[in-house]
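Visitor: quick one, structure for this:
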Amino acid sequence: MREFTRRGAVALGLVGLTAFAGIKVKDRVAPLTGAAGTGAAGSEGAPKPSLYESDGFQYYTVVDKDPLITPAEFSLRIGGLVEKSLTFTFADLQQLPRTRLVRDFQCVTGWRVKKVAWEGVLLRELLNAAGMQASAGALQFTSSDGAYTESLTIEQAMRDDVLVADSLFGKAITPKHGGPVRLFVGAMYGYKSLKWLKEIAGTAEVRPGYWEVRGYDVDAWVGKSNGRSDLPT
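Guide: From the prediction side, this is the model:
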C-alpha cells in the first residue's frame, strides 16, 4: 500500500490490468440547508441522524435496519454497459493496487470531518478491468440497504480521488460507516459516497440517485453545488 500521488496514480493505471491477470474473479441526511441555513431541497424521506460518533462523523440512514455484511459474505458486481461483467470478493479487492487518500469529508448538511484517511482501490481500476462500452456515459451505484443509489459520469468516476474503500482511519470500515466496502468521492458532498456498495452498472446517461430525486444536485461538488459555499475538500 502506498501514499497517493499523481505520479503514483499514473503508475497504478499502467500496472492495474497486469495485476488483475493473476486474480480469480467470480461471475450486491438530513434535510438539505444552504450555506446561510435556507432550505435548498425538500426533506421527503429525510434520514434519521444519531449523535456524532467519536471519529467526528454523524450517522445517517434511509432505512430502518442497516445491512450487516461480513467480508466473507461481501461481493461487488460490475455490469451494465461493460465489455465483461465481473464480480469481486473482498479478498479479490485486497490483491489489487492500493491507494491511500487523506481528505476532508464534507456533508451537505454542514458538518465536516478533517483529514480523513481512506484506503482502497481506485474505482477506475475496476472499470478498466471490466471495460466500458462506447455507449456508457455514466455509472449507477447500488447499496445493499435496498434503497440507496448514486451516480457518476464516466469522466468523474475516472478521477484520482474516487475510491472503492475498505479502510477508514487505518481500520476496517464498520457496518455503521458503510463497511465492509463503500464508495468515496473525494471532491463531492458525502451523499455521493454511497455506503454498503453492492453493484456498479454502466448506463447510457446519469440516473439521479436517492437524494437527487428528492432535490439534491446531481453534480455535488463541494462548495459549488446545493446552494453552499464550503471550502473544497
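Visitor: ranges for the strands of the chain?
Guide: 2-3, 75-80, 86-89, 99-106, 112-122, 138-143, 149-153, 162-168, 171-172, 182-185, 197-203 (DSSP state E).
Visitor: among those strands, which is nearest Ala220?
Guide: Nearest to Ala220 among these is strand 182-185; the distance by Cβ to Cβ comes to 8.0 Å. Bear in mind the C-beta positions are built from the backbone N, C-alpha and C, glycine included.
Visitor: and that closest one, which strands flank it?
Guide: Sheet pairing of strand 182-185 (DSSP bridges) gives strand 162-168 (antiparallel).
Visitor: which positions within the strand it pairs with qualify as buried?
Guide: Under the neighbour-count criterion of 16 or more other Cβ atoms under 10 Å, strand 162-168 has 162-168 buried.
Visitor: I'd like to check the angle between that strand and strand 112-122, please.
Guide: Interaxial angle of strand 162-168 relative to strand 112-122 (axes from the mean of the first three to the mean of the last three Cα atoms, to 10 degrees): 110 degrees.
Visitor: quick one on the thing from earlier: and of the buried residues of strand 162-168, the nearest to Thr109?
Guide: Using Cβ to Cβ, these come closest to Thr109 at Leu168, 19.7 Å.
Visitor: circling back to that earlier point, now render the strands of the chain as JSON lines, adding mean pLDDT.
Guide: Listed next are the strands of the chain as JSON lines, based on pLDDT from 0 to 100:
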{"stretch": "strand 2-3", "mean pLDDT": "38"}
{"stretch": "strand 75-80", "mean pLDDT": "99"}
{"stretch": "strand 86-89", "mean pLDDT": "99"}
{"stretch": "strand 99-106", "mean pLDDT": "98"}
{"stretch": "strand 112-122", "mean pLDDT": "97"}
{"stretch": "strand 138-143", "mean pLDDT": "99"}
{"stretch": "strand 149-153", "mean pLDDT": "99"}
{"stretch": "strand 162-168", "mean pLDDT": "98"}
{"stretch": "strand 171-172", "mean pLDDT": "97"}
{"stretch": "strand 182-185", "mean pLDDT": "99"}
{"stretch": "strand 197-203", "mean pLDDT": "99"}
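Visitor: measure the residue nearest to the spatial centre of the chain to Pro175 for me?
Guide: By Cα atoms, centre = their mean, the chain has its centre lying nearest to Leu183, at 1.9 Å. Look at Leu183 and Pro175: by Cβ to Cβ, to the nearest Å, they are 15 Å apart.
Visitor: and Tyr210, by the same measure?
Guide: In terms of Cβ to Cβ, Tyr210 sits 19 Å off from Pro175.
Visitor: just Ser225 next, same as before
Guide: From Ser225 to Pro175 the distance is 29 Å (Cβ to Cβ).
Visitor: and the helices in this structure?
Guide: Secondary structure of the chain by DSSP state H: the helices cover 6-20, 90-94, 123-130, 154-157.
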